[in-house]
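> show me the folded form of this:
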Amino acid sequence: MADRDRIPPGMSPEKYQRLMAEAKAPYKGLRKFIYGTFAASGAIGAFIFFTQVLAGRDVGTALPNLALQVGVVALMVFLFRLESRKSAKK
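This next block holds a predicted model:
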């Protein structure tokens, strides 16, 4: 057994595993939270611009903004899934 696999005295194996996982992928939980927050923000923006397009108000400016918001949501979903796949492989 290597030195890094030895559990320090007085520490539970579960806590040691959790600390080792955090050391290998720091701030994973924070990154996933940020991805979710940005995706929610993009979804709200997309909903607002979609309703503007349906109402026919400023369609020329609403469509590019709608496309941007949909792109933000798609990017955040992709990053969230990528982060989840990394943790599932280990």
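> for the most centrally placed residue in the chain, what are phi and psi?
The centroid of the chain falls nearest to Tyr35 when counting by C-alpha atoms, centre = their mean (2.7 Å). For Tyr35, the backbone dihedrals (degrees, to the nearest 10) come out as phi -60, psi -40.
> I'd say it and Phe78 touch.
No. With contact defined as C-beta atoms under 8 Å, Tyr35 does not reach Phe78; the gap is 9.1 Å. The C-beta positions use only the backbone N, C-alpha and C, and glycine is treated the same way.
> which element is the closest residue to the residue nearest to the centre of the chain other than its chain neighbours on?
Of all residues not flanking Tyr35 in the chain, Phe80 sits nearest, at 4.3 Å (C-beta to C-beta, 6 or more residues apart in numbering). Assigned by DSSP states H and E, Phe80 belongs to helix 59-89.
> before we move on, what about Gln52?
Per DSSP H and E, Gln52 falls inside helix 28-55.
> quick one: low-confidence parts of this structure?
1-5, 87-90 (pLDDT under 70).
> run the last query once more with 80
Where the chain drops to pLDDT under 80, the residues are 1-5, 21-22, 25, 86-90.
> tally of neighbours for Lys86?
By other C-beta atoms under 10 Å, the residues close to Lys86 number 12.
> kindly report the same for Asn65.
Residues within reach of Asn65, counting by other C-beta under 10 Å, total 17.
> mind listing what it touches?
Going by C-beta atoms under 8 Å, 6 or more residues apart in numbering, Asn65 touches 45, 49.
> hang on, the earlier thing: got a list of what the residue nearest to the centre of the chain touches?
By C-beta under 8 Å, 6+ apart, the contact set of Tyr35 is 76, 79-80, 83.
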